[in-house]
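Trainee: sequence and predicted structure are below.
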Amino acid sequence: MTEFKKKGLNLLEEKEKLIRVNGKEKKDLLEIKDLRTYFPVLGGVFRKVIGYVKAVDGVSFSINKGEVFGLVGETGCGKSTIGKTLVRILDPTSGDIFYYDEAELKNAKEQRVKIDLAKLNRKELMPYRSKVQMIFQDPYSSLNPRFTVGDIVEEPLTVQRGKRKENKEVVKDLLKKVGMSEEYIYRYPHEFSGGQRQRIGIARALSTNPELIIADEPVSALDVSVQAQVINLMQDLQDEFKVTYIFISHDLSVVKHIAHRIAVMYLGFIMEMGPAEQIYKNPQNPYTKVLLSAVPKGNPRKKVKKHPLRGEVPSSLNKPSGCAFNPRCPIAKDICKREDPVFEEKEKGVFVKCHFSGEY
Amino acid sequence: MGKKQKELLKVENLKTHFMIEEQKAKAVDGLDFSVLKGEFFGIVGESGCGKSVTALSVLRLIPDPPGKISNGKVFFRDRNLLELDWEEMRKIRGNEISMIFQEPMTSLNPVFTIGVQIMEPLMIHRNMGKKEARETAIKMLQRVGISSPERRVDDYPHQFSGGMRQRAMIAIALSCDPGLLIADEPTTALDVTIQAQILELMTEIKNKRKESAIILITHDLAVIAETCDRVMVMYCGKIQEVASTINLFENPLHPYTKGLMESIPSLTKKKKRLITIPGNVPGILNFPPGCPFHPRCSYRMPVCEKVVPELLEVEKDHLVRCHLYNGEGKNQ
């Protein structure tokens, strides 16, 4: 622990942005409590705020060290907004993002601290930027076309540690790890295919040796045969670097393949969360069930059947009253229109937000 | 009824080339296939394999220059479309053959109401008056499952959601009751739940119209499995395998088809690790000589690097383009 960092942590503690916890109890890496991200909607002559798009509307979950946490849902359910809020590209409206860090504070040993990333300002956030990195969906727009591959992968290192000679070696090493030749450092992004660009994006995310990588639809823009390569690469790198992933995707088959635990989102809420196997085998929330039934299974002997889900996702500007899913739900009753169900633990590790969980 | 009579579309040795930087890019390189009446025919392949160019070539919508249909015949109801003049071709497009595109927002005109856009082909091809066309448009919207069509017919595309726009596109495409409907990645931009609805609608339409056919172009094998009767797998502008859907999924023969199937994560089966096809899809100007798949193929033989394999009927109605299944390959 450097002197500098110790000083920084003590300062944070004084400002009540940091809490000390007993290191032996918690195995979490990240704990998110009642996180909300709203976007104001402006209107009228004076551009007054006339409403809010409630993109993320009170979600709570925690992420264990070394796991792959999958976030799935349809367009506009808020999965990408969560990802962007966690790295503070977007600022949360309310809620806490606790990041657990190893630390020795004052004289107490074996202590860990939790830091509320939601409350830190830009300067205080700096050290945590290197610990939480992001991989973006579109490998074409997320790499600067005027930078060489070497510069792209090196940039996070330069920002975090300053320009150093040994950075070049780190970059070459990283490129080899993601399955690319080290001669590529002088080339430009346009010379590469989609799959190779995504590898560059992954190398960039790994450059600061992060603990958590948020991957926002990392394989959606890729061809099927290349998609499998990138998924395998991400799994290999996890084994090697012991990094934790939040894997955001609309593709339920991909998420099932890679994730240990899954949260299914709808209109800014988590509808169901639990171990991947259990959610896919025995979904409790009717939304999860119909969503899974809509995925083509790839079995030609089972042709398209009547699909129970009518209509489309409502706008998050005017959410339905009560349960957000009630207008499309096949088993909605009166209570679903009146009362918003609570997100609670139904079985060990399985959280469901539904009045009639497990009844459909 | 013989096979000849049941054939709705027959493509023979179709070649479509593009001139890129003074080089010839063979986007579609010698296609032979036919689509039968009442069939749901799938074309599957990765980006750049020529599946969309095939569809555009059938409708002669290839921008010329740089593109050119340099060879081949496209018979539709026993007329060679490539020999028709422009006026006759206009009478076919949107009337006898119509197309649904991938991105419904860019293929609908934002300054006209949905109703006007459905009425347009009716007034051009069917000589309908405005009133009659409007009534038909409302009927079409109802048929594709849009609620309160009398009101919705006057909406603009931006008032429709993604799934509804795609339904409106289908309504336009079906308005003149075409013999052949070509759907180019119709569900790629949509959510799974909406995709399921659109595929259900297309299957329903196909079951109702016995005399016509649908060609579905997609990169998603699972979508093919749920809808199509017969599939054609394309790679680098060439057909690699053609078979009935059940046959293709239960007994894939081409190494490329096998690789594609193994590389898809499955909802139902547990896979520890995905089996991948090494390398990337080659760029259109650098298709490898011989079998275009040979640099990525694990069954590669010396002959694959030099000789382009023939498309052979290995089993009944199951065609494969691979040296593993012809005489030369078997001996090696």
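Mentor: In hand now; what should we look at?
Trainee: check which residues of the helix or strand containing residue B:193 are buried.
Mentor: Per DSSP states H and E, residue B:193 falls inside helix B:192-208. Neighbour-count burial for helix B:192-208, counted by 16 or more other Cβ atoms under 10 Å in any protein chain shown, picks out B:192-203, B:205-206. (Glycine included, C-beta is placed from N, CA and C.)
Trainee: tabulate these (JSON lines), appending distance to chain A.
Mentor: Shown next, in JSON lines, are the buried residues of helix B:192-208 (distance: Cβ to the nearest Cβ, whole Å):
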{"residue": "B:192", "distance to chain A": "5"}
{"residue": "B:193", "distance to chain A": "5"}
{"residue": "B:194", "distance to chain A": "6"}
{"residue": "B:195", "distance to chain A": "7"}
{"residue": "B:196", "distance to chain A": "4"}
{"residue": "B:197", "distance to chain A": "6"}
{"residue": "B:198", "distance to chain A": "10"}
{"residue": "B:199", "distance to chain A": "5"}
{"residue": "B:200", "distance to chain A": "5"}
{"residue": "B:201", "distance to chain A": "9"}
{"residue": "B:202", "distance to chain A": "9"}
{"residue": "B:203", "distance to chain A": "5"}
{"residue": "B:205", "distance to chain A": "12"}
{"residue": "B:206", "distance to chain A": "10"}
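Trainee: if you count contacts, what does the helix holding residue B:193 end up packed against?
Mentor: If you count contacts as 3 or more Cβ pairs under 8 Å, 6 or more residues apart in numbering or on different chains; DSSP states H and E, helix B:192-208 packs onto helix A:286-294, strand B:40-44, helix B:162-174, strand B:213-218, helix B:221-227.
Trainee: strands paired with the shortest one, and their directions?
Mentor: The reference is to strand B:40-44. Next to strand B:40-44 in the sheet, as set by DSSP bridges, lie strand B:213-218 (parallel), strand B:230-235 (parallel).
Trainee: for residue 217, grab the count of nearby residues.
Mentor: Unless you meant another one, I'm taking chain A. Neighbours of residue A:217 under the rule other Cβ atoms under 10 Å in any protein chain shown: 19.
Trainee: please go with chain B instead
Mentor: By other Cβ under 10 Å, the residues close to residue B:217 number 25.
Trainee: shouldn't it be in contact with residue B:52?
Mentor: Yes. Counting by Cβ atoms under 8 Å, residue B:217 touches residue B:52, with 6.4 Å between them.
Trainee: residues shared between the contacts of the two?
Mentor: Counting by Cβ atoms under 8 Å, 6 or more residues apart in numbering or on different chains, the residues touching both residue B:217 and residue B:52 are B:184, B:185.
Trainee: hang on, the earlier thing: tell me which of the helices and strands packed on helix B:192-208 sits nearest to residue A:254.
Mentor: Checking these against residue A:254 by Cβ to Cβ gives helix B:221-227 as the closest, at 11.9 Å.
Trainee: the closest one vs chain A: in contact?
Mentor: Yes. Contact of helix B:221-227 with chain A (Cβ under 8 Å from any Cβ of the partner chain) involves B:221, B:222, B:223, B:224, B:225, B:226, B:227.
Trainee: how about the strands in the chain?
Mentor: Assuming you mean chain A. With strands called from DSSP state E, chain A shows them at A:18-22, A:28-43, A:48-64, A:68-73, A:94-102, A:111-116, A:132-135, A:212-216, A:244-249, A:261-266, A:269-275, A:343-347, A:350-353.
Trainee: actually chain B
Mentor: Taking DSSP E, the strands of chain B run over residues B:7-20, B:23-36, B:40-44, B:67-76, B:79-80, B:97-100, B:180-184, B:213-218, B:230-235, B:238-244, B:311-315, B:318-321.
Trainee: per-residue pLDDT, the residue lying closest to residue A:280 once chain neighbours are set aside?
Mentor: Once flanking residues are discounted, residue A:280 sits nearest to residue A:256: 5.5 Å by Cβ to Cβ, 6 or more residues apart in numbering or on different chains. Looking at residue A:256, its pLDDT is 91.
Trainee: for residue B:96, give me phi and psi.
Mentor: Dihedral pair for residue B:96: phi -100, psi -30, per degrees, to the nearest 10.
Trainee: with the one 5 residues further on instead?
Mentor: When read as degrees, to the nearest 10, the backbone of residue B:101 gives phi -100, psi 170.
Trainee: thought it was touching residue B:166?
Mentor: No. Using Cβ under 8 Å, residue B:101 is not in contact with residue B:166, being 9.4 Å away.
Trainee: neighbour count for the two, which is higher?
Mentor: Taking neighbours as other Cβ under 10 Å, residue B:101 and residue B:166 compare with residue B:166 leading, 30 against 19.
Trainee: dump the strands paired with strand B:40-44 into TSV; add mean pLDDT as well.
Mentor: Shown next, in TSV, are the strands paired with strand B:40-44 (pLDDT from 0 to 100):
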stretch	mean pLDDT
strand B:213-218	94
strand B:230-235	94
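Trainee: about what we covered before: need the helices and strands packed on helix B:192-208 in TSV with distance to residue A:310, can you?
Mentor: Output for the helices and strands packed on helix B:192-208, formatted as TSV (distance: least, Cβ to Cβ, whole Å):
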stretch	distance to residue A:310
helix A:286-294	10
strand B:40-44	24
helix B:162-174	11
strand B:213-218	23
helix B:221-227	19
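Trainee: where are the low-confidence patches of the chain?
Mentor: Chain wasn't specified; assuming chain A. Along chain A, the parts satisfying pLDDT under 70 run over A:1-8, A:16, A:21-27, A:103-111, A:303-308.
Trainee: that was the other one, I meant chain B.
Mentor: Applying pLDDT under 70 to chain B picks out residues B:1-5, B:327-332.
Trainee: in it, which residue is most central in space?
Mentor: Nearest to the geometric centre of chain B sits residue B:217, at 3.0 Å (Cα atoms, centre = their mean).
Trainee: determine the number of other residues adjacent to residue 316.
Mentor: Since no chain was named, I'll use chain A. Residue A:316 has 21 neighbours, counted by other Cβ under 10 Å.
Trainee: should've been chain B
Mentor: By the criterion of other Cβ under 10 Å, residue B:316 has 8 neighbours.
Trainee: how much space between it and residue B:247?
Mentor: Relative to residue B:247, residue B:316 is positioned 9 Å away (Cβ to Cβ, to the nearest Å).
Trainee: contacting residues for the residue nearest to the centre of chain B?
Mentor: Counting by Cβ under 8 Å, 6+ apart, the residues that residue B:217 touches are B:42, B:43, B:44, B:51, B:52, B:54, B:55, B:182, B:183, B:184, B:185.
Trainee: give me the beta-bridge partners of it?
Mentor: On the basis of DSSP bridges, residue B:217 is bridged to residue B:43, residue B:184.
Trainee: so what's the spatially closest residue to residue B:24 that is not a sequence neighbour up against?
Mentor: Nearest non-adjacent residue to residue B:24, counting by Cβ to Cβ, 6+ apart: residue B:17, 5.2 Å away. By Cβ under 8 Å, 6+ apart, the residues touching residue B:17 are B:24, B:25, B:26, B:27, B:67, B:68, B:70.
Trainee: got it, and residue A:316?
Mentor: Neighbour list for residue A:316: A:53, A:54, A:55, A:57, A:76, A:78, A:267, A:268 [criterion: Cβ under 8 Å, 6+ apart].
Trainee: buried subset of these?
Mentor: Buried members of the contacts of residue A:316, scored by 16+ other Cβ under 10 Å, are A:53, A:54, A:55, A:57, A:76, A:78, A:267, A:268.
Trainee: pull the most distant pair out of these.
Mentor: Pairwise distances among the buried ones among the contacts of residue A:316 were taken by Cβ to Cβ; the largest, 12.3 Å, belongs to A:57 and A:76.
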